[in-house]
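Novice: Let me see the structure of the following:
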Amino acid sequence: MIAIIGILAAVLVPSLSGYIARTKKSAVEQEAKAISTIYEAWLIDPDENVEGKDFTDEEEATTVFATYYTSIGNAGLPAGLTITVDTSNRPIGFKYEENGYIATYTNGGTLDVDEKP
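Specialist: Take a look at the predicted model:
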């Protein structure tokens, strides 16, 4: 009887671990997709004039986005979210880190989710 339980555990534990990892990755991906919709709206909102702004750095861009994010009715900006900027300090996407995964979104709709190194 104990041997059967041991065999079942040996088979089920790796399956369960894989399921948990896929679930975490999927959750990060879904959250990043929701954020990307708001992010793209922020980029084209004429009241925000993001296209014409040169931010001082990623921190400033993230702070301005956080203000927009909450102004449209969302709770606070998710922890682990950073707006990425190019060498001219213009927004080019965002990074979102959660549950051991990093979602990287670039302007125009490319989203990649990878395990955090």
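Novice: Spatially, which residue comes closest to the most centrally placed residue in the chain, not counting chain neighbours?
Specialist: Nearest to the geometric centre of the chain sits residue 96, at 3.0 Å (CA atoms, centre = their mean). Sequence neighbours aside, residue 103 is the residue nearest to residue 96 in space, at 4.3 Å (criterion: CB to CB, 6 or more residues apart in numbering). In short, each C-beta sits where N, CA and C put it, glycine included.
Novice: Can you give me the buried ones in the helix or strand harbouring that neighbour?
Specialist: Under the criterion of DSSP states H and E, residue 103 resides in strand 101-106. By neighbour count on 16 or more other CB atoms under 10 Å, the buried set for strand 101-106 is 101-105.
Novice: quick one: secondary structure of residue 95?
Specialist: At residue 95, secondary structure determined by DSSP: H, G, I helix; E, B strand; the rest coil is strand.
Novice: which SS state does the closest residue in space to it that isn't next to it in sequence fall under?
Specialist: Of all residues not flanking residue 95 in the chain, residue 82 sits nearest, at 5.0 Å (CB to CB, 6+ apart). Three-state assignment for residue 82 (three-state DSSP): strand.
Novice: Report pLDDT for residue 82.
Specialist: Listed pLDDT for residue 82 reads 97.
Novice: returning to what we had before: same list, the buried residues of strand 101-106, but as a markdown table with pLDDT and distance to residue 40 please.
Specialist: Formatted as a markdown table, the buried residues of strand 101-106 follow (pLDDT from 0 to 100; distance: CB to CB, whole Å):
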| residue | pLDDT | distance to residue 40 |
| --- | --- | --- |
| 101 | 97 | 21 |
| 102 | 98 | 20 |
| 103 | 98 | 15 |
| 104 | 98 | 15 |
| 105 | 98 | 9 |
